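Trainee: Model the structure of this input:
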Amino acid sequence: MKKTVYISDLDGTLLTSDAEISAKSAEIINRLISKGMLFTVATARSVSSSKRILSCLDLNLPVVLMNGVFIADIKSGRVIESVPIEKNTALKIIEIFKSFNVSPFMYCAEGDMLDVVFEKIDSKQNEMFYKRREKQYYRRFEQVEKLTPPDNGECVYFNIVDSYSRLKPLADKLRSVKGVSVAFYEDTYLEDSWFLEVFSSKASKCSGMLRIKEMTGAERAVVFGDNLNDISMFECADESFAVSEAVPQLKKIATGVIGSHDEDAVAKHLEKIFENR
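Mentor: Residues are numbered from 1 along each chain as shown. Here you go, the predicted model:
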């Protein structure tokens, strides 16, 4: 039997609508890990916002974070690998945001530390994003007069939360920048809220998944997801399963559609396929 690694998205997939892993899912997954299942996650979240959520799981594999920008040890918070944005490319990204009169959050990494800087918060969605994270997750969340790539460390990510109508033209323009990947997808938790995330074209959930396969010596990867930023991972995987709430585009390319993320669908499916392998 071929060695297989199982990788799940978090929000809208493994997590409930309360952004938590249920006690039942944790019990099932931990039991399967203890029996030798290779399991990890691939998420748009950072180390700090993932660490608390994943503390209930006995993960012994690296995790894929920020859509493939980081591969990290979630228990220690140590960054194993990262994919920065080139400085000239970061400057182009900043200029495009300015031309649309949109102020993003810019993520800067130095070693294992991740700082977030911004010029202003100009939408209710961005304000809610900021308030949820300001004290809960980040070491530093700092307002600055002007965004510029850091002298020390590296620029790794830009993101913003706003309405579809405001962000869609901006997303289209950013996709024209060489060396850039753009993730544009609806927020799982807030209505009329879309995430626009910009990072190096060398990073993706697919590239992160392939790196995990290489690191574990797995011959196959089975993945789970729900949103547009999971498409690259679904396209690269040997098998892929969408939860029932997943966007139509993901369901269309999935190996199969399972139950609801609020009914432990990922854990139950893992139990089914791992125990019967």
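Trainee: Buried residues, stretch 62-75. List them.
Mentor: Buried residues in stretch 62-75, defined by neighbour count with 16 or more other Cβ atoms under 10 Å: 62-74. Heads up, the C-betas are built off the backbone N, CA and C, glycines and all.
Trainee: how close does Tyr130 sit to Tyr157?
Mentor: Using Cβ to Cβ, to the nearest Å, we find Tyr130 at a distance of 15 Å from Tyr157.
Trainee: Show me which of these two is the more surrounded one.
Mentor: Using other Cβ atoms under 10 Å, the more surrounded residue of Tyr130 and Tyr157 is Tyr157, with 28 against 16.
Trainee: Counting by contacts, list what the helix or strand hosting that one packs against.
Mentor: Assigned by DSSP states H and E, Tyr157 belongs to strand 154-162. Packed against strand 154-162 by the contact rule (3 or more Cβ pairs under 8 Å, 6 or more residues apart in numbering; DSSP states H and E) you find helix 87-99, strand 105-110, helix 124-133, strand 194-200.
Trainee: would you turn those into CSV with distance to Lys2 and mean pLDDT?
Mentor: Output for these, formatted as CSV (distance: least, Cβ to Cβ, whole Å; pLDDT from 0 to 100):
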stretch, distance to Lys2, mean pLDDT
helix 87-99, 38, 96
strand 105-110, 35, 91
helix 124-133, 40, 77
strand 194-200, 31, 96
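Trainee: Which one of these lies nearest to Arg175?
Mentor: Within those, the stretch nearest Arg175 is strand 194-200; the backing value is 9.4 Å (Cβ to Cβ).
Trainee: I'd like the average pLDDT over the next helix or strand along the chain from that closest one.
Mentor: The helix or strand immediately downstream of strand 194-200 is helix 205-216, counting by DSSP H and E. Helix 205-216 shows a mean pLDDT of 97.
Trainee: follow-up on the earlier one: mark which of the buried residues of stretch 62-75 are part of strands, please.
Mentor: 63-65, 70-73 (DSSP state E).
Trainee: Compile those residues into a markdown table and extend it with columns for distance to Val243 and pLDDT.
Mentor: Shown next, in a markdown table, are those (distance: Cβ to Cβ, whole Å; pLDDT from 0 to 100):
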| residue | distance to Val243 | pLDDT |
| --- | --- | --- |
| Val63 | 19 | 98 |
| Val64 | 18 | 98 |
| Leu65 | 20 | 97 |
| Phe70 | 24 | 95 |
| Ile71 | 24 | 97 |
| Ala72 | 25 | 95 |
| Asp73 | 27 | 95 |
